[in-house]
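Asks: Here's a sequence, model it:
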Amino acid sequence: MFKYETHLHTAETSKCARSGGAEMARHFASLGYAGIFVTDHFFNGNTTVPHELPWEERVRRFLAGWEEAKAAGEPLGLDVFFAWEYSYGWAHFLTYGLPPAWLYAHPDVLDWPVAQYLENVRRDGGYIVHAHPMRKTGNPVMPVIPSLTDAVEIVNGGRSDEENERGATYARAFSLPVTAGSDIHVTAAARHAGVLSEERFTDGAAYARAVIEGRVTLFCDAPAHA
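Replies: Down below sits the predicted model:
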């Protein structure tokens with residue numbers, strides 16, 4: 001079985017992260033993972049990229065964490081895939097299956113309403129996973145858009161059992177496929193979650209299709225915190 005981390009942040013690109021891309025890659029390679037998905041916070045989230053820069057420079061800087069992870073991980077046999085975490089208020093949509101060129105080609109992406117963003121991603125061959133959809137926040141209403149969501153992250157390494165179970169209830173209510181990820185920000189994190197697959201993924205689209213078709217096994221290797 002091939003083991004994957006599907007939700008990972010790097011210090012180069014996500015303000016909330018404490019470990020850089022290279023450190024993350026070496027960490028997961030040492031644990032025997034086949035691959036990781038670098039899902040740094042997009043420009044409408046907790047990003048390190050200054051908003052006043054020209055678009056091409058913003059995208060170039062946004063790639064830094066993924067590029068560091070890729071350069072360190074691939075010589076160790078670790079596949080390092082590009083993805084990102086798009087924010088709409090407290091709703092965070094993990095976006096898989098599109099290359100950096102897609103971002104360069106859409107400098108108006110932040111002007112799109114959220115439904116248009118989700119529609120355009122899926123139209124162009126990408127996939128949307130709603131991350132930690134029922135986490136407790138200061139906002140009592142969590143926006144959900146099941147008709148434009150491909151899957152739901154129902155096991156998140158940073159959330160409690162209660163929050164994850166509420167996410168699973170949401171997924172069941174709309175018959176949405178399910179997945180898991182650590183949402184890791186530092187290599188010292190005690191809890192890891194992700195997916196196991198009998199096939200080795202070639203890209204984010206292959207991962208998403210496996211989730212949608214029910215060909216992955218979710219795992220979490222430590223107890224949840226309350």
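Asks: Can you give the distance from the one helix or strand Lys3 maps to to the centre of its chain?
Replies: Here Lys3 is covered by strand 2-8, with elements defined by DSSP states H and E. Mean C-alpha position of strand 2-8 versus that of the full chain (Cα atoms, centre = their mean, to the nearest Å) differs by 9 Å.
Asks: now what about the next helix or strand after that strand, what contacts it?
Replies: Beyond strand 2-8 on the C-terminal side, the first helix or strand identified by DSSP H and E is helix 21-30. Helix 21-30 has contacts (Cβ atoms under 8 Å, 6 or more residues apart in numbering) with 5, 8, 10-12, 19, 36, 38, 64-73, 76-78, 80, 184, 187. To be clear about C-beta, it is placed using only N, CA and C from the backbone, and glycine gets the same treatment.
Asks: Grab the longest helix from this structure for me.
Replies: Across the chain, the helix with the greatest residue count (assigned by DSSP state H) is helix 161-173.
Asks: And that one, what's buried?
Replies: Using 16 or more other Cβ atoms under 10 Å as the test for burial, helix 161-173 gives Glu163, Asn164, Arg166, Gly167, Ala168, Tyr170, Ala171.
Asks: who does that helix touch, helix- and strand-wise?
Replies: strand 151-156 (3 or more Cβ pairs under 8 Å, 6 or more residues apart in numbering; DSSP states H and E).
Asks: Strand 2-8 and the strand it packs on, what's the angle between them?
Replies: An angle of 90 degrees separates the directions of strand 151-156 and strand 2-8 when computed by axes from the mean of the first three to the mean of the last three Cα atoms, to 10 degrees.
Asks: What strands line up against strand 151-156, and which way round?
Replies: Neighbouring strands of strand 151-156 in its sheet, by DSSP bridges, are strand 127-131 (parallel), strand 178-181 (parallel).
Asks: Just checking the distance from the helix or strand bottoming out on mean pLDDT in the chain to the centre of its chain.
Replies: Using mean pLDDT, DSSP states H and E, the weakest-scoring helix or strand in the chain turns out to be helix 161-173, at a mean of 95. Its chain's average C-alpha position is 18 Å from that of helix 161-173, according to Cα atoms, centre = their mean.
Asks: Of the strands paired with strand 151-156, which is nearest Leu31?
Replies: Of all the strands paired with strand 151-156, the one in closest proximity to Leu31, counting by Cβ to Cβ, is strand 178-181 (14.6 Å).
Asks: related to what we said a few turns ago, among the contacts of helix 21-30, which ones are in strands?
Replies: Judged by DSSP state E, the subset of the contacts of helix 21-30 located in strands is Glu5, Leu8, Ile36, Val38, Val80.
Asks: export these to a markdown table and tack on pLDDT and distance to Leu110?
Replies: Output for the ones in strands among the contacts of helix 21-30, formatted as a markdown table (pLDDT from 0 to 100; distance: Cβ to Cβ, whole Å):
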| residue | pLDDT | distance to Leu110 |
| --- | --- | --- |
| Glu5 | 98 | 27 |
| Leu8 | 98 | 23 |
| Ile36 | 98 | 26 |
| Val38 | 98 | 20 |
| Val80 | 98 | 26 |
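Asks: what two of the buried residues of helix 161-173 are the furthest from one another?
Replies: Farthest-apart pair in the buried residues of helix 161-173 is Glu163 and Ala171; separation 13.0 Å (Cβ to Cβ).
Asks: Show me what counts as buried in stretch 4-15.
Replies: For stretch 4-15, the buried set under the neighbour-count rule, 16+ other Cβ under 10 Å, comprises Tyr4, Glu5, Thr6, His7, Leu8, His9, Thr10, Ala11, Glu12, Thr13, Ser14.
Asks: That'll do, ta.
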